[in-house]
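Asker: I would like the atomic coordinates for the input below:
(3 chains)
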Amino acid sequence: MSAPLRRLRETPRHLLVCERSHVRHERSRHAARVRGHAYNCRVSFLIPECGVLPEPLKSVTTDMGEYYLVKNLPLHELVAQEFISAFVKTGSCYALSYNTRIDQDNTAALLPTDCHSPLKHIGKLILSVDKDTYEELGLQGRPSRYSGKKIMRYIITIDLTDSAFHSDSKKYKRVLWALRDKKPLEFDFLLSWHHTGADGSTLMSYFSKHQIQAHQPKITFSTLRNLQCPVLCSNELQGKPEESCSAQELFEWLGAVFSNVELDNKSFSFVSTYCCPEPSTMMDQAYLCTITGFILPEKIIQLLDQLCAYFDDPKLAQWVTLTVHGFADSPVSWRENEHGFQKGGENLYNFVVFRSLDYWLQMAVGANDDCPP
Amino acid sequence: MAEGGAGEPPPPPRAPLERLVLKNAAEHHYLRVSLEFPDGGVRLNAAHFKQLVVSALKELHGEVGAALPVDVLTYDEKTLSAILRVSSSGFVKLWSALTLLGSYQNRKCAFRVVQTSPFLLALSGNSRELVLD
Amino acid sequence: MEKMIYSKLPVLATQHLGIQRQGSKQAEAFVKAFLKRSMPKMKDEAIQDKLTRKAVVLRHYLRRKKKEKRKKTKGFSAKQRREMQLFEIKPEQQKYELFLPLHELWKQYIRDLCNGLRPEAQPQMIQTKLLKADLHGAVVTVTKSKCPSYVGVTGIILQEMKHIFKIVTKEDKLKVIPKFNNVFSIEIDGFISYIYGSLTLTSLQSQDLS
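Answerer: Below is the predicted model of the structure:
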């Protein structure tokens, strides 16, 4: 086949990482994976054979925490010493520019201080800017890994909790000058702050001078009737013919369930030939809950814990799933791994927790992404 | 692997009991598309919609293109939007065919590709559609 | 036939054409002078010689001016200049205040150049004037640069070379700024003009000629 024709068959790079472990395993990294993925726009969980949510799970679901939308916030407000000492250093402060597209606009994100792993991301402001802004801004950065031969995008990382980043230091003055005087950048920010014992509304009063709105995550419940489910075996990540389905098949099936795709098509059907992976079982009902908003990893960990606790009492379900979608336009996916948008900007992960508390973790990223941790 | 960060101690042995990295392994690609007519008022059922997609493929890529297995996973008659599934090797062909389609029964129309992904799951959560206010 | 050609013109015809009849002597003198002018490089005898034997091609002869050889001023070579450190600025002279008068001079020069620099003046006109103006003494700021640490540097231009500006900053530091990939802004009396360094990579000599 000639080269151009072969190119026609190629698809953009994508990665799917599947892991298998046990929740109670001492080296299990499930919490670290969740915590590492800072910006989440949608969380869904699916519980087969469940009609009514148990109370603890329900209360976690309804208490996913408020988040805030600040309009036209000058970026230098996020590097102000007052802000750093009040929010960044004392809790986990998350901020992500809203409605900015990472493939064409400037994007900013504030990674929280991670108290669990003090060496890793510690209150960093990450800017993903186009070439012209970078040249005008005057802050040192590095070229984006995915911008090709002619560099059109740069990543600037500012460590806000660095000991050299105090109000008298040259570094701080330079950053403040660049963001306030040289090239004043403004974004709409999604903000959220997690601090045990403190109320998020402190953020609201801090930014009261700006246009700030509080938002609650949107929650939708639905019960799916007569759902065809694949049979899974926790030890067989790749599945076994005639016995269980692979992680990949499950991943596709979940997508089909979330998009309300017909699962029982015939192979000769004209419109669609998709059907549930085999072997499968028929379930009377399944409980699907979806939460949309700016959701903090801390809340997702709580949710995951509750989902594990679901199996404390004997249940009909063999497994439950928890799916988390990241923001397509956030500059990072996991930790500080660069994230970009080529065709889809996907960065998402999915947990399948089995009755035995074995779990599968699937992490998927698109073309302009580093490999998940 | 991307276990980044300078000055860190060497990473401990892999935590998970099993880890599988699948690179470019997706068998299918998915597209969320919507069909637009400038003057609206066109009703299409799922079979006609599929027929239109196949004819678009045939127009650009001939009989070989028309033979490409495309599935219409979901279809909404009201908004004329659908999720299509195509084998990964035919992804570029399908996209190009949809882009270049210009008319249906002598009426002008256009396919808008809203979102594409190698993961069907990704299509259910599009952060670009997160509308606040 | 031959006779007709060499015969004198009839009186009627000369009157009609407005030509003065010449005597044979005069005519001979005229022909001689004419040939001499047409073939300035030949001697009289040679002309006569040609005239008797050959056909003469008459053509317009351009009188070439003798080129005066320009005397090359014997200056220093680049190496010599470097060795003598002609263009180095001594550390004790790298003071911002020392060059403020130069800046005043430059401002005056630009105002003269732009006919007084009134606020209602056309920005394009000033732009074109500034483009050709001498920049020594101007206060410039780097507004855009491929290298972020140059951004924001402000100072008076002391020297301009083909690829660099040497400027002295308010902190009395001498900085060498490459022109390539940098955009400079110049402010004078409320007008801000941007100069794309990559486009001004001309040596000073060629600037002077233009």
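Asker: Nearest to chain B: which residue in chain C?
Answerer: Among the residues of chain C, C:P148 lies nearest to chain B; the distance is 21.1 Å by Cβ to the nearest Cβ. From N, CA and C alone the C-beta is placed, and that goes for glycine too.
Asker: Need phi/psi at that residue.
Answerer: C:P148 adopts backbone torsions of phi -60, psi -30, taken as degrees, to the nearest 10.
Asker: Quick check, the residue in chain C closest to chain A?
Answerer: In chain C, the residue that lies nearest chain A is C:V151 (2.9 Å; Cβ to the nearest Cβ).
Asker: Who are the contact partners of that residue?
Answerer: C:V151 makes contacts with A:E135, A:E136, A:L137, A:G138, A:A178, A:K182, C:V142, C:T143, C:K144, C:S145, as judged by Cβ atoms under 8 Å, 6 or more residues apart in numbering or on different chains.
Asker: So what's the gap between the longest helix along chain B and the chain middle?
Answerer: Longest helix of chain B, by residue count under DSSP state H: helix B:46-66. Relative to the centre of its chain, helix B:46-66 is centred 15 Å away, using Cα atoms, centre = their mean, to the nearest Å.
Asker: That one and chain A in contact?
Answerer: Yes - shown here: helix B:46-66 in contact with chain A (Cβ under 8 Å from any Cβ of the partner chain) through B:A46, B:A47, B:K50.
Asker: mind giving me the domain split of chain C?
Answerer: With domains defined by the TED database, chain C comprises C:22-64, C:91-204.
Asker: What does the pLDDT read for residue 43?
Answerer: No chain in the question, so chain A it is. For A:V43, the pLDDT comes out at 94.
Asker: wrong one, chain B
Answerer: Each residue has a pLDDT score; the one for B:R43 is 86.
Asker: next one: C:Q207
Answerer: Looking at C:Q207, its pLDDT reads 51.
Asker: picking that back up, of the domains of chain C, which stretch is the most buried?
Answerer: Greatest average neighbour count among the domains of chain C goes to domain C:91-204 (a mean of 16), per mean count of other Cβ atoms under 10 Å in any protein chain shown.
Asker: Just the mean pLDDT for it, thanks.
Answerer: What domain C:91-204 shows for mean pLDDT is 86.
Asker: The one residue in chain A that gets nearest to chain C and B:V64, how far apart?
Answerer: Proximity of chain A to chain C (Cβ to the nearest Cβ) peaks at A:G138, 2.9 Å away. Applying Cβ to Cβ, to the nearest Å, the value for A:G138 to B:V64 is 54 Å.
Asker: Name the residues of chain C found near chain A, please.
Answerer: By Cβ under 8 Å from any Cβ, the residues of chain C that approach chain A are C:T143, C:K144, C:S145, C:K146, C:P148, C:S149, C:Y150, C:V151, C:G152, C:V183.
Asker: which of the residues you listed lies closest to B:P69?
Answerer: Ranked by distance to B:P69 (Cβ to Cβ), those are led by C:K146 at 49.2 Å.
Asker: What about that closest one? Give its phi and psi, please.
Answerer: Dihedral angles (degrees, to the nearest 10) for C:K146: phi -70, psi -30.
Asker: what's near enough to touch the closest residue to it other than its chain neighbours?
Answerer: Leaving out its chain neighbours, the residue that sits closest to C:K146 by Cβ to Cβ, 6 or more residues apart in numbering or on different chains is C:N181, at 4.0 Å. Neighbouring residues of C:N181 by Cβ under 8 Å, 6+ apart: C:S145, C:K146, C:C147, C:G197, C:S198.
Asker: what about A:N235, neighbour count?
Answerer: 13 (other Cβ atoms under 10 Å in any protein chain shown).
Asker: what's the pLDDT at it?
Answerer: Here the pLDDT value assigned to A:N235 is 85.
Asker: Tell me the secondary structure of it, please.
Answerer: coil (DSSP: H, G, I helix; E, B strand; the rest coil).
Asker: what does the model give A:S97 for pLDDT?
Answerer: Model confidence at A:S97, given as pLDDT, is 94.
Asker: Show me the beta-bridge partners of it.
Answerer: Beta bridges link A:S97 to A:F189 when assigned by DSSP bridges.
Asker: shouldn't it be in contact with A:F187?
Answerer: Yes - counting by Cβ atoms under 8 Å, A:S97 does reach A:F187; the two are 3.9 Å apart.
Asker: Mind listing the shared neighbours of those two?
Answerer: Residues touching both A:S97 and A:F187 by Cβ under 8 Å, 6+ apart: A:N106, A:A108.
Asker: any chance you could map the helices in chain A?
Answerer: With DSSP H as the definition, chain A shows helices at residue ranges A:3-9, A:30-36, A:55-62, A:81-83, A:131-137, A:170-176, A:201-206, A:247-258, A:297-309.
Asker: Need those helices in a markdown table (columns: mean pLDDT).
Answerer: Output for those, formatted as a markdown table (pLDDT from 0 to 100):
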| stretch | mean pLDDT |
| --- | --- |
| helix A:3-9 | 77 |
| helix A:30-36 | 89 |
| helix A:55-62 | 91 |
| helix A:81-83 | 90 |
| helix A:131-137 | 93 |
| helix A:170-176 | 92 |
| helix A:201-206 | 86 |
| helix A:247-258 | 91 |
| helix A:297-309 | 92 |
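Asker: most neighbours per residue, which of the ones you listed?
Answerer: Neighbour counts (mean count of other Cβ under 10 Å) averaged over each of the helices of chain A peak at helix A:247-258, with a mean of 23.
Asker: what about the strands in chain B?
Answerer: Along chain B, counting by DSSP state E, strands occupy B:18-23, B:28-36, B:70-76, B:81-87, B:103-104, B:107-108, B:110-117.
Asker: Now mean pLDDT too, for these, in JSON lines please.
Answerer: Listed next are the strands of chain B as JSON lines, based on pLDDT from 0 to 100:
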{"stretch": "strand B:18-23", "mean pLDDT": "88"}
{"stretch": "strand B:28-36", "mean pLDDT": "93"}
{"stretch": "strand B:70-76", "mean pLDDT": "92"}
{"stretch": "strand B:81-87", "mean pLDDT": "93"}
{"stretch": "strand B:103-104", "mean pLDDT": "88"}
{"stretch": "strand B:107-108", "mean pLDDT": "89"}
{"stretch": "strand B:110-117", "mean pLDDT": "92"}
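Asker: A:D63 is nearest to which of these?
Answerer: strand B:110-117 (30.6 Å).
Asker: Pull up the pairing partners for the closest one, direction included.
Answerer: In its sheet, and by DSSP bridges, strand B:110-117 pairs with strand B:28-36 (antiparallel).
Asker: how much distance is there from the strand it pairs with to the middle of the chain?
Answerer: Distance, centroid of strand B:28-36 to centroid of chain: 4 Å (Cα atoms, centre = their mean).
Asker: Convert it to PDB, retaining C-alpha atoms only.
Answerer: The C-alpha trace of strand B:28-36 is given here as PDB (Å, rounded to 0.1, in the frame of the first residue of the first chain):
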ATOM      1  CA  HIS B  28     -13.000   1.400  17.000                       C
ATOM      2  CA  HIS B  29     -13.200   5.100  16.900                       C
ATOM      3  CA  TYR B  30     -16.300   7.000  17.800                       C
ATOM      4  CA  LEU B  31     -17.700  10.300  16.500                       C
ATOM      5  CA  ARG B  32     -20.500  12.400  17.800                       C
ATOM      6  CA  VAL B  33     -22.000  14.100  14.800                       C
ATOM      7  CA  SER B  34     -25.000  16.200  14.100                       C
ATOM      8  CA  LEU B  35     -26.600  16.900  10.700                       C
ATOM      9  CA  GLU B  36     -27.600  20.400   9.900                       C
END
